[in-house]
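Engineer: Quick one, structure for this:
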Amino acid sequence: MIGQMTPITWLAVAIAIVAIFALGAGGIWMITGRKDRQRGVLMIICALVILGNVLLWTLPA
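Structural biologist: Numbering: from 1, shown residues only. Model (predicted):
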């Protein structure tokens, strides 16, 4: 699938990676700083799901 990826697909992957970092950092901040554990954990779980999708998109079959 890597050979079939167009520039717009790489852009989607790049945006997803930025979202992973933002959700991970925000989740850690929510857990430690604001003491809102449930939302922080949900943000980290969302980041892990997006990471799984990026790995499926980019790893060879």
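Engineer: Enumerate the positions of stretch 53-61 that are buried.
Structural biologist: In terms of neighbour count (16 or more other Cβ atoms under 10 Å), stretch 53-61 has its buried residues at Val54. (C-beta placed from N, C-alpha, C; glycine too.)
Engineer: cool, stretch 22-36 as well?
Structural biologist: For stretch 22-36, by 16+ other Cβ under 10 Å, it's 23-24, 26-27, 30-31.
Engineer: what stretches of this protein score poorly on pLDDT?
Structural biologist: Within the chain, the stretches with pLDDT under 70 are 1-3, 61.
Engineer: Tell me where it has helices.
Structural biologist: With DSSP state H as the criterion, the chain has helices at 7-32, 37-58.
Engineer: List the buried residues of the last one.
Structural biologist: Along helix 37-58, the positions that meet the burial threshold by neighbour count (16+ other Cβ under 10 Å) are 40, 43-44, 46-47, 50-51, 54.
Engineer: Contact partners for the spatially most central residue of the chain?
Structural biologist: In the chain, the centroid-proximal residue (Cα atoms, centre = their mean) is Ile20; its distance is 2.7 Å. Neighbouring residues of Ile20 by Cβ atoms under 8 Å, 6 or more residues apart in numbering: 47, 50-51, 54.
Engineer: Good, we can wrap up now.
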